[in-house]
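When you get a sec, could you give me coordinates for this:
(chains A and B)
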There are 2 protein chains.
Amino acid sequence: MPASKFATGLQCKVCGKLYPKSPINFCTDDFGPLEVVYDYAAIRPHVSRAIIESRPRNMWRYRELLPIDGAPTVGPQVGGTPLIRADRLAEAIGVDRLWIKNDAVNFPTLSFKDRVVSVALSKAREFGFKTVGCASTGNLANSVAANAAQAGLEAYVFVPSDLEKAKILGTSVFGAKVVGVTGTYDEVNRLCTQVAFKYNWGFVNINLRPFYAEGSKSMGFEIAEDLGWRFPKHVVCPMAGGSLIGKIHKSFEELYKVGLVAEAPQTKMYGAQAAGCNPITDCVKANRDRHKPVRKPNTICKSLAIGDPADGYFSAQLIKNSGGWAEDVTDDEIVENMLLLARTEGVFAETAGGVTLAVTRKLIEQGRIPRNEEIVICVTGNGLKTQDCVAEAVDRPALIKPALDAFDAIYAGTREPALV
Amino acid sequence: MPASKFATGLQCKVCGKLYPKSPINFCTDDFGPLEVVYDYAAIRPHVSRAIIESRPRNMWRYRELLPIDGAPTVGPQVGGTPLIRADRLAEAIGVDRLWIKNDAVNFPTLSFKDRVVSVALSKAREFGFKTVGCASTGNLANSVAANAAQAGLEAYVFVPSDLEKAKILGTSVFGAKVVGVTGTYDEVNRLCTQVAFKYNWGFVNINLRPFYAEGSKSMGFEIAEDLGWRFPKHVVCPMAGGSLIGKIHKSFEELYKVGLVAEAPQTKMYGAQAAGCNPITDCVKANRDRHKPVRKPNTICKSLAIGDPADGYFSAQLIKNSGGWAEDVTDDEIVENMLLLARTEGVFAETAGGVTLAVTRKLIEQGRIPRNEEIVICVTGNGLKTQDCVAEAVDRPALIKPALDAFDAIYAGTREPALV
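Next up, the predicted model:
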């Protein structure tokens, strides 16, 4: 059976109404978000651990559980990032068994967004779009621009105009048309919705969103496979729009449904946000039915600064239903934990990585995550994109002449070095 | 037979004198550099394509041809980077078949240096060093710092004080002691030689250099394996100290020696440098016996700015003996080709990538590389580390209000946008 038969259509997450596979992202009845549905019974005989392990180590080894009809034409080598056994960090924060899923080294643009973009742009080509775009807090902009360049698609990328320089440059360098918008991410997103429908362009996180979001599942598939085809007890995940955390959980459920893992997942999912933009963690902690949008996000963690997250409701529900929890942390805690991660495990994550580690520690200290149970932390982006945030917090290098006695003196502490 | 028996010792590249495996890098008779020697006959029965392909996709799948005695304790997941079929770039530069070996996404610090450092620091631990260090033009600094952090080794990293900010920050963030030296790389290197021997520290590119350099072979092993266990006709490689290009060639010879590839390599090797620091390309082009050191390197490509390269002689010899050639390019050509690479293939390489592509084009235009033969370009580092070099060359984003009519106006060209 061709792959095109496995993903059977789209379904409203609110009312369950079915739609054919097409570039739409909400239910015309109740405006609920649409999600790809699969025929798991049809998939089951086509996948086995041996089949998957025999394929190249990238996200497409799980192709039966991704929603494109043909072979991937964009991002054929995305994914396959390391799951790191983080013993030094575990010791530092006082837990027994800790793993880092490191998408800071994802190919090509160093964030988990390459996973969702490779699905979205492969799908965009299947739908016949020639121009693609996105609303982005930065990582998505980089990924859409790079992958569109490689695919020969024209790209329009909309970002808040106060975005980090590295994320703007890391977009325009690929030749994408970058549009800075004087407003919050939510305002950028609303504008993009209008642009997508007026110009009939394929916006990866708007009209292609149901397909796009499925790409995140590959992060979960890889975690489970790398643990030896089993699920961890606790997963801590950063939240911006709130999609990733749900898709990681969905990936575990799917591995169980198609028989790749024998036991149903019991994983507790934990969500991490910055205190300066915490609509989902607030929703969980205050036990609200729906999140309260944050009108003016104020945090150094711009990649998570979505005040009115598209999947806010569903991620909060998932966290509670899984037995997990959510927390948020200050900018100081973010920087402190970026450094801790770098200094214990050699992983230079962007601010969102600092958020996730800081929240993990907070949840451990609160007793919500037991110290003796296995934890996976999701690192989703690279620290080179948010350098200014840590530049002040690290020591400036000593400055010496090229002479051994100059080094001897600063090493022995007999001379105070000048600084670079 | 244990792996420790495969690498049998060190040998002077000039006089052939043998030394035991120890932290030394030059022959006491003639100061020639030392190189690791292997018992290929002993290795041969232990390796096969099937054995290697069954292992995790990282550099250690070629462990029999790497010079550590036990299991790797540093960088166990380094390597396995993509070899990209670059059809859009091939079309742009008018060649038939082009590949990019993309170490800009190498793990953990986004350059090929993670390959050499994982070998050097694993070896440093076997030798019992607790403190490690390096002289670096940037990428090596990042890699030593990150990998030492993960391994719990203390690290001293010496760099020219005018290095790119991103490379300094991307070192100090890992907690390494960074020492900026007011001088060229060659002066930094001489100082480090003194420090290494005075303090008995393991400097990866000084007293550990014979082991360190072997790590580069893994880039060549991966190229050949990903081409289907065969060798390309032409490889273009950036040159700083001149080690990488020789090790890639050595890797091809070794694959032939141990029977993993049936035909001996006929690959022509091409070296790339910046015109502002071109001791090796000048040596080749002027047909000198030895390179003339460049006293004052002057190029935006700081990662290649080694005026007196340790392997200058050997790399020039190799290039000529292989039937290849060498060229150097201006800073403007570097930037132009960084952009071309990004815009055709979605690969954001550092300045050295711009050097390598620009040189490739020059050699094609000179007729030295035929347009109808297979070419592999080695990209060794990430563009996020050298952002300032391209910042001026890319368009500034348009700046608009979050309103559809504002976008319509700039899209239609009826209003000149403000710029971010």
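
Burial check on A:Trp325, number of neighbours?
With neighbours defined by other Cβ atoms under 10 Å in any protein chain shown, the count for A:Trp325 comes to 21. All C-beta atoms are positioned from the backbone trio N, CA, C, and that covers glycine.

cool, A:Gly16 as well?
10.

Check A:Thr330 too.
15.

How about A:Ile319?
By the criterion of other Cβ under 10 Å, A:Ile319 has 26 neighbours.

if I pick it, what's in contact with it?
If you count contacts by Cβ atoms under 8 Å, 6 or more residues apart in numbering or on different chains, A:Ile319 has them with A:Ile245, A:Met269, A:Tyr270, A:Gly271, A:Val284, A:Trp325, A:Ala326.

my read: A:Ser322 touches A:Lys268, true?
Yes. Using Cβ atoms under 8 Å, A:Ser322 is in contact with A:Lys268, at 5.1 Å.

ok so, going back, in strands, which of the contacts of A:Ile319 appear?
Among these, DSSP state E puts A:Met269, A:Tyr270, A:Gly271, A:Ala326 in strands.

got those as JSON lines, with distance to B:Arg55 and pLDDT columns?
Listed next are the ones in strands among the contacts of A:Ile319 as JSON lines, based on distance: Cβ to Cβ, whole Å; pLDDT from 0 to 100:
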{"residue": "A:Met269", "distance to B:Arg55": "33", "pLDDT": "98"}
{"residue": "A:Tyr270", "distance to B:Arg55": "34", "pLDDT": "98"}
{"residue": "A:Gly271", "distance to B:Arg55": "36", "pLDDT": "98"}
{"residue": "A:Ala326", "distance to B:Arg55": "39", "pLDDT": "98"}
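
Run through the helices of the stretch 301-420 of chain A in chain order.
A:312-322, A:331-345, A:351-365, A:388-391, A:404-412 (DSSP state H, counting those that start in this stretch).

Determine which stretch of those is the most buried.
helix A:351-365 (a mean of 26; mean count of other Cβ atoms under 10 Å in any protein chain shown).

Give the other helices and strands that it contacts.
Counting by 3 or more Cβ pairs under 8 Å, 6 or more residues apart in numbering or on different chains; DSSP states H and E, the packing neighbours recorded for helix A:351-365 are helix A:87-93, strand A:234-238, strand A:268-274, strand A:326-329, helix A:331-345, strand A:375-379.

To chain B, which of those lies closest?
Closest of the helices and strands packed on helix A:351-365 to chain B is helix A:331-345, at 4.0 Å (criterion: Cβ to the nearest Cβ).

elements contacting the helix or strand bottoming out on mean pLDDT in chain A?
Across the helices and strands of chain A, mean pLDDT, DSSP states H and E gives its lowest value to strand A:418-419, namely a mean of 86. Applying 3+ Cβ pairs under 8 Å, 6+ apart, one finds that strand A:418-419 contacts strand A:398-400.

Let me know the average pLDDT across the strand it packs on.
Averaging pLDDT along strand A:398-400 gives 95.

Is it in proximity to chain B?
Yes. Residues of strand A:398-400 are located near chain B by Cβ under 8 Å from any Cβ of the partner chain, namely A:Ala398, A:Leu399, A:Ile400.

doesn't A:Arg415 make contact with the first one?
No. Using Cβ under 8 Å as the test, A:Ala398 is too far from A:Arg415 to be in contact (9.8 Å).

These two: which has the busier surroundings?
Each of A:Ala398 and A:Arg415 has its neighbours counted (other Cβ under 10 Å); A:Ala398 has more, 22 against 14.

Give me the nearest residue to that one, chain neighbours excluded.
What sits nearest to A:Ala398 in space, not counting adjacent residues and going by Cβ to Cβ, 6 or more residues apart in numbering or on different chains, is A:Pro417, at 3.6 Å.

check contacts around the one you found.
A:Pro417 sits next to A:Ala398, A:Leu399, A:Ile400, A:Ile410 when contact means Cβ under 8 Å, 6+ apart.

between the helices of the stretch 301-420 of chain A, which gets nearest to A:Gly170?
Taking Cβ to Cβ, helix A:388-391 is the member of the helices of the stretch 301-420 of chain A nearest to A:Gly170, at 14.0 Å.

what about dumping the CA coordinates of the closest one to CSV?
This file holds the C-alpha atoms of helix A:388-391, laid out as CSV (Å, rounded to 0.1, in the frame of the first residue of the first chain):
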residue,chain,number,x,y,z
ASP,A,388,23.8,38.3,23.6
CYS,A,389,21.8,36.7,26.5
VAL,A,390,24.8,35.0,27.9
ALA,A,391,27.6,37.3,26.8
